[in-house]
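Colleague: need a structure here:
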Amino acid sequence: MSKRERYTIDASVFLNGFNANEKGHQDSVRFLDWVRKTTAPVIVPTLLFPEVAATISRVQGDGVLAQRFAATLRKWPQLIVIPLDDPLAQQAVDVAARFHLRGSDAVYIAVAIRFGTTLVTLDQEQRLRAGEVVLSLTPAEALKSVDHI
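Modeller: So this is what the prediction gives:
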């Protein structure tokens, strides 16, 4: 890594890495493994945990698995969890209104803006609409942008 990268990783990447049947799964797994090995800071909203748990619980029909996965994410040592306080919520409101985004997508973008991180996501709408205010990459693109990969 030529410079110390900081990332905001959308729930879509964690969920894609979790589900081996999804397109792009291997890229997500490789990116997430790389991030953990490099100890690059990962700055995420608290929203990440209920988002991944809700999706896994709904899709897999397994609430215990959903809770375990969310708990495993919480243990990442380089994870910096940002609470959705009033100022961040207002910034997300502004992003949602300006770029016509879903609320959860706007929260991740607001975190990326506030902390100057690269947003890594598989959500095309999120990437395209907020591209003028944050650098947004897929896991495959993020891997390609790293010097030694």
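Colleague: so what's the gap between the helix or strand where Val52 lies and the chain middle?
Modeller: Of the helices and strands defined by DSSP states H and E, Val52 is found in helix 48-60. Distance, stretch centre to chain centre, for helix 48-60: 14 Å (C-alpha atoms, centre = their mean, to the nearest Å).
Colleague: I'd like to know which elements that helix is packed against.
Modeller: helix 11-18, helix 63-74 (3 or more C-beta pairs under 8 Å, 6 or more residues apart in numbering; DSSP states H and E). C-betas here are computed from N, CA, C, even on glycine.
Colleague: pLDDT of the last one, averaged?
Modeller: Translated: helix 63-74. The average pLDDT within helix 63-74 is 96.
Colleague: mind listing what's buried along it?
Modeller: 66, 69-70, 73 (16 or more other C-beta atoms under 10 Å).
Colleague: with distance to Ile56 added, can I get these in JSON lines?
Modeller: Putting the buried residues of helix 63-74 into JSON lines (distance: C-beta to C-beta, whole Å) gives the following:
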{"residue": "Ala66", "distance to Ile56": "4"}
{"residue": "Phe69", "distance to Ile56": "6"}
{"residue": "Ala70", "distance to Ile56": "8"}
{"residue": "Leu73", "distance to Ile56": "11"}
